[in-house]
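Asker: Sequence and predicted structure, then a few things I'm wondering about:
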Amino acid sequence: MMRRNRAYAGLDRFRLLAAFLVIAIHISPLETINGTGDFILTRIIGRTAVPFFFMTSGFFLEKDVLDPAGKRKEFVKKLLMLYGISILLYLPLNVYMGYFRETLLLPVLLKDLLFNGTLYHLWYFPAAVIGAILSGVLIRRFGYRKAFLAAAGLYAAGFLGDSYFGIAQRVPVLRLFYENLFAVSDYTRNGIFYAPVFFVMGGWIAAEGPKAGQKQTASCLAGFLAGMALMTAEGLLLRNSGIMRHDSMYLFLLPVMYFLFGLLLKIRGPRQSWARDASMIMYIVHPALIVAVRAAVKLFSFPSALVTQPLLLYAAVAVLSLGTGLFCHVLKTRIRRRQRGRNRKQCLRRRAQTGLRAWKELDRENLRHNVRVLERAMPPGCSLMAVVKAEAYGCGGAQAARCMMQAGVRTFAVAALDEGIQLRKQEVRGEILVLGYTHPDRAGELRRYDLTQTVCDYEHARALNAGGRTLKVHLAVDTGMHRLGIGLQEADRAEEILGMKHLRVTGIFTHLSAADSEVPEDRAFTEEQIRRFSLFLDELFRRGISLPAVHIQSSYGFLNYPAEGCSYVRAGILLCGADSSDRIYKARKLDLRPVLSLRAKVASVRTIGPGESVGYNRTYQAESRRRIAVVTIGYGDGYPRSLSGAGTVLIRGRRVPVIGRICMDQLMVDVSAVPETEPGDTATLIGRDGREEIRAEEVAGEAETIVNELFSRLGRRLRQVWV
Ligand SMILES: *Cc1c(COP(=O)(O)O)cnc(C)c1O
């Protein structure tokens with residue numbers, strides 16, 4: 001609670017006032033009442049609004065920021081997004097005003113995008129972008145003091161082309177300079193001459209809390225009032241002297257802003273995020289609302305006083321803008337709240353993580369989603385056989401199977417008898433097909449656990465049949481992979497197997513050996529496999545055998561080849577929401593989501609000097625002072641040792657490199673770029689953390705293997721956390 005009350009409520013509140021001032025600038029509400037009064041309100045007092053926005057941005061770009069460059073980048077990205085949206089919002093108005101009939105469209109467009117804004121008030125966005133970047137460069141390069149002097153110099157050049165233009169005009173060199181300048185930017189009130197000084201001032205105050213931050217409220221107030229009086233005098237004098245070209249840059253604006261900002265910083269209290277959201281929206285939409293009010297007067301016979309009396313127009317637009325701003329704020333909070341619902345999951349995640357060393361995080365929702373997506377993509381009559389061998393490719397074994405059971409999956413496949421037994425013991429019902437070899441001696445267990453066995457070849461069939469107890473089997477057919485199955489020439493033997501007394505053949509299938517390849521020879525081979533299998537089935541059919549369930553496709557067979565009349569798709573890796581690798585050929589892309597994340601903890605953080613080495617065999621040697629974190633996972637947990645010096649880990653949402661040899665139980669990362677890293681932080685080896693994500697495909701590629709291997713080798717020592 002204490003902390004909340006220390007937020008910058010003064011800045012938040014003034015944002016709203018600044019937004020109202022900006023609207024006033026564009027309407028001149030007092031124009032018909034008192035010209036001078038209007039000038040003072042809109043051209044002098046109002047001129048604090050935009051510099052205030054710049055200063056506030058500059059302030060928060062430097063205040064307690066660990067990564068100023070990254071923060072600035074994010075800020076610029078956000079501005080560009082808002083700028084883009086605003087441009088689109090006003091495009092109809094541009095069209096209406098004949099913007100695109102301009103003869104020199106391209107140069108005009110360029111100069112508007114960079115400086116003027118495509119509509120008059122939108123200049124703010126490019127100015128803020130350029131101002132933020134330029135001020136950042138100046139500060140990083142020269143420090144605050146020199147950056148301020150440089151930016152103030154630019155500002156001086158700015159006001160000579162603005163409210164002091166009459167003076168510049170008398171000096172031929174300056175005149176020439178500004179003539180050229182104005183060919184590119186309509187005003188000096190832009191990102192180069194106007195914005196930087198305010199960004200730097202805001203940043204300087206944030207970084208050093210210099211005088212304005214520390215001074216007493218009374219002296220700030222005195223400074224502000226004196227500055228305001230001087231600026232008013234300056235403005236009126238300039239106006240009367242007739243030397244103004246434009247009226248946004250004054251000499252005394254700098255001290256006024258300095259004291260005003262100091263004053264506002266004194267007002268602390270709870271955050272007013274509504275004022276923040278609303279002021280930005282108000283800034284963007286008010287010109288549209290001016291147009292709307294005017295149109296309403298014209299089209300719907302609204303009282304014409306709304307247009308003829310600027311004060312009324314101002315009131316209407318101010319209220320509408322505020323309303324729109326608040327509406328958008330409410331909308332945003334709603335969306336945020338919904339996201340927070342999703343964040344509940346994150347909470348669960350966090351709670352589950354306390355005390356864990358290294359773990360797999362498995363996402364139920366994504367697994368169910370993948371089941372739904374795959375099933376929806378299958379032709380009618382075909383159903384999903386979920387391949388859950390090797391602990392469901394490391395993605396949770398029986399628990400994954402049960403989760404899919406709840407999502408309606410009725411058929412599963414495993415590689416080995418023991419895997420099937422494990423599933424049964426953990427209450428997985430439905431069909432379970434054992435895809436690999438089972439010794440005939442264990443036929444009793446096949447029966448006891450109601451498992452379906454693959455017939456690997458003719459001998460296997462005979463041995464299974466000889467046990468004397470009826471077994472459910474699927475007959476494998478070798479169409480070219482040459483792994484399991486009876487040969488294509490063995491139709492007689494197939495017929496014999498299908499007639500064996502103790503074998504109930506409920507399915508017949510083949511496996512494609514190159515379905516994930518785009519190479520023409522591989523594609524031809526795969527098509528040939530499918531064709532041969534189909535001919536084989538025809539042959540059996542001709543012999544009067546009624547065919548059981550037929551299946552051909554595994555994950556990539558399904559994505560890349562049509563196979564009509566199949567009862568099942570045997571999908572494994574796709575259920576995990578991953579691809580075997582990034583080099584896989586996929587004719588169809590489905591919206592599948594990753595199920596598995598791999599995480600561990602930071603155990604310890606230390607600094608090493610240049611020349612020191614890290615880990616076994618000293619394969620890594622620091623070239624400079626480095627911050628090193630030890631992470632609680634190693635090759636003993638299945639994280640490939642081949643990623644030594646090559647892997648990447650996420651800590652606090654940022655990518656950091658694995659350095660030195662990966663040990664059996666630990667590995668080391670260089671966290672110099674994330675200096676706030678501390679013991680207990682979560683390290684993500686696969687999966688998402690904040691905005692960053694390390695995809696399984698990426699890790700597998702780096703380790704020169706496929707995701708299937710990477711996942712299925714994840715160790716038993718890892719805990720499984722379902723979220
Ligand atoms: C493993 C396996 C599958 C599943 O393959 P994915 O490419 O992971 O979908 C299907 N069929 C057989 C015979 C398998 O051995």
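Answerer: Perfect, I can see it now.
Asker: going forward, measure contacts and count neighbours with C-alpha atoms only.
Answerer: Will do.
Asker: Up against the ligand, what does the stretch 251-400 of the chain have?
Answerer: Within the stretch 251-400 of the chain, the positions adjacent to the ligand are Val387 by C-alpha under 6 Å from any ligand atom.
Asker: What number of residues are in the vicinity of the residue of the stretch 251-400 of the chain found nearest the ligand?
Answerer: The stretch 251-400 of the chain approaches the ligand most closely through Val387 (5.6 Å), counting by C-alpha to the nearest ligand atom. Using other C-alpha atoms under 10 Å, Val387 is surrounded by 28 other residues.
Asker: now Arg543
Answerer: By other C-alpha under 10 Å, the residues close to Arg543 number 12.
Asker: again, but for Phe259
Answerer: 26.
Asker: show me the contacts for it.
Answerer: Shown in contact with Phe259 (C-alpha atoms under 8 Å, 6 or more residues apart in numbering): Ala212, Cys220, Leu221, Gly223, Phe224.
Asker: is it true that Val22 touches Pro51?
Answerer: No: using C-alpha atoms under 8 Å as the test, Val22 is too far from Pro51 to be in contact (11.2 Å).
Asker: and the closest residue to Val307 other than its chain neighbours, what helix or strand is that in?
Answerer: With sequence-adjacent residues excluded and distances taken as C-alpha to C-alpha, 6 or more residues apart in numbering, Val307 is closest to Leu313, at 5.8 Å. Leu313 belongs to helix 310-353 when elements are defined using DSSP states H and E.
Asker: can you give me the mean pLDDT across that helix?
Answerer: The average pLDDT within helix 310-353 is 86.
Asker: Okay, now the unreliable bits of the chain?
Answerer: Scanning the chain for pLDDT under 70 picks out 1-6, 102, 209-215, 341, 348, 351-352.
Asker: Quick check: residues of it near the ligand?
Answerer: Residues of the chain lying close to the ligand by C-alpha under 6 Å from any ligand atom are Val387, Leu435, His511, Ser554, Ser555, Arg570, Ala571, Gly572, Ile573.
Asker: give me every residue that touches the last one.
Answerer: Neighbouring residues of Ile573 by C-alpha under 8 Å, 6+ apart: Tyr393, Ser555, Asp579, Ser580, Asn708.
Asker: The residue nearest to the second one when sequence neighbours are not counted and Leu356, how far apart?
Answerer: Spatial nearest neighbour of Ser555, excluding adjacent residues (C-alpha to C-alpha, 6+ apart): Ala571 at 4.7 Å. Here the criterion is C-alpha to C-alpha, to the nearest Å. By it, Ala571 lies 31 Å from Leu356.
Asker: Between those two, tell me which one has more neighbours.
Answerer: Higher neighbour count among Ala571 and Leu356: Ala571, with 23 against 16, using other C-alpha under 10 Å.
Asker: Any idea how far apart the tips of stretch 506-521 sit?
Answerer: Distance between the boundary residues of stretch 506-521 (C-alpha to C-alpha) amounts to 33 Å.
Asker: returning to what we had before: just grab the bridge partners of the residue of the stretch 251-400 of the chain closest to the ligand for me.
Answerer: Ala413 (DSSP bridges).
Asker: Surely Ile659 touches Tyr620?
Answerer: Yes: shown here, Ile659 and Tyr620 form a contact pair, counting by C-alpha under 8 Å, at 6.3 Å.
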